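1. Provide a 3D model corresponding to the input given below.
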Amino acid sequence: MQIHVYRDSHTAGGAELTRQVEAVVEGALGRFGDRITRVQVHLSDQNSSQKSGDKDKRCVMEARLASLPPITVSHQGSSLEQALAGAADTLEKTLKRTLERKASLFKRRARARAEFTAVDPLLHRGAEVGNQDEFLTLLRPLLGHLSDHATRELRMLETNDLLPRNQVAAADLMNEMMARAWLRFADRPQEVSLDLWLVNLLDETLDEKIKPELRMKKSLDQHADEIHSEDLLQVDDQEWWVWLLGEDETITLGDTISGGDRATAAEQHDARELKDRMHALLGVLPKAQRQAFVLSVLEAYELFEIAMIQDRPETEVQADIEDARNKLRAQLSADAQSHTAASPAALAAGSTLKT
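-> Numbers count the residues shown, from 1 in each chain. Now for the predicted structure:
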């Protein structure tokens, strides 16, 4: 793990400060070993032209990990030591949460892959003898992750007015997808694994629910940067994708909201608004790009599996995933800046400047 220390012109310190920072970072993050390739630490004095005040020292830490976007946190304190310790503690907790979530996703994906592989021959037998009840009874218990996928896709479409709210239920969508699977199972391409084939069937079923005129109007009239939501919860750069992941046994709502161990009612309301915003931003991405990003980030599909689903080169899929990530980060960053500028304190400051 490489550690790079930067300080602004108002922050005193030399080799001793660098050693102090390295010791704190190693103490907090050393247990993650080679998962972290580099940590950048930026120290600054926010009120250098004024007398020292409360929390005027700031530390920003960015950790870079293989196969994940950079994770950035910040902390302010009345001394560099406080700012440094606070940032290191926050980064440690965020890394732990992130890596646990990633591990949980991959375990769930591996378990689902094994279950589909085991049941595939039994489904073939049911299809060959024409036993639809047996076929559906075997298939239904394996579709939890696809049901989550369907629910998420419906939210995106509803948020972007491509589908009237509550017109289509996820359960009905899954039933229709299973009916198609039964009718078309004999013609399923053998080179495509069962779960990948079902993802395609589900997206095909969902596409038919969208009226062509609504799809056309949305694509012509609205882009991601034209969707607005007021009073969004401000989050650090790393938190935008945590919200995409939702909640499971490793991450709870309280884990992802800063400022305390338990979420207040106001924080829960803000969290719901942010999730709605994420659905809105995802919903206006090109379909192939959104699907590649969601399958990769939320469902831990391998790059080659997504390429097989979409029937295109892995390099294109990877480029779309990165492009989607950059678009989302840029838009949420702009949201946070707009929210800050519109706050009562900022408006008052702006009014003072104009007089």
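2. Which segments of the protein make up each domain?
-> 2-95, 223-339 (automatic domain parsing).
3. ok, of these, where does mean pLDDT dip lowest?
-> Here the lowest mean pLDDT among the domains of the chain goes to domain 223-339, at a mean of 65.
4. mind listing the helices for the stretch 51-200 of the chain?
-> Along the stretch 51-200 of the chain, counting by DSSP state H, counting those that start in this stretch, helices occupy 80-129, 132-139, 144-159, 170-184, 194-207.
5. which of these has the lowest average pLDDT?
-> helix 144-159 (a mean of 86).
6. Give me the residues contacting it.
-> Identification of contacts with helix 144-159 by C-beta atoms under 8 Å, 6 or more residues apart in numbering yields 108, 112, 163-166, 168, 170-171, 173-174, 177, 195, 198-199, 202-203, 206, 209-210, 276, 279-280, 282-283, 290, 294, 298-299. (C-beta placed from N, C-alpha, C; glycine too.)
7. What of stretch 14-27?
-> Outside stretch 14-27, the residues touching it (C-beta under 8 Å, 6+ apart) are 1, 3, 5, 7, 39, 41, 43, 61, 80, 84-85, 88.
8. Buried residues of that stretch, list them for me.
-> 17, 21-22, 24-25 (16 or more other C-beta atoms under 10 Å).
9. Off-centre distance for that stretch?
-> Chain-centre distance of stretch 14-27: 32 Å, with C-alpha atoms, centre = their mean, to the nearest Å.
10. ditto for stretch 152-161
-> With C-alpha atoms, centre = their mean, you get 16 Å for stretch 152-161.
11. Check stretch 156-173 too.
-> The answer for stretch 156-173 is 21 Å, by C-alpha atoms, centre = their mean.
12. That stretch: which residues count as buried?
-> 156-160, 162-163, 168, 170, 173.
13. what's the answer for stretch 1-10, then?
-> Neighbour counts over stretch 1-10 (16+ other C-beta under 10 Å) mark 1, 3, 5, 7 as buried.
14. Let's see the distance spanning that stretch from one end to the other.
-> 27 Å (C-alpha to C-alpha, to the nearest Å).
15. What are the boundaries of the strands in the stretch 151-300 of the chain?
-> For the stretch 151-300 of the chain, applying DSSP state E, counting those that start in this stretch gives no strands.
16. before we move on, the earlier item: hmm, which of the contacts of helix 144-159 are the buried ones?
-> By neighbour count, with 16+ other C-beta under 10 Å, those hold 108, 112, 163, 168, 170, 173-174, 177, 195, 198-199, 202-203, 206, 209, 276, 279-280, 282-283, 290, 294, 298-299 as buried.
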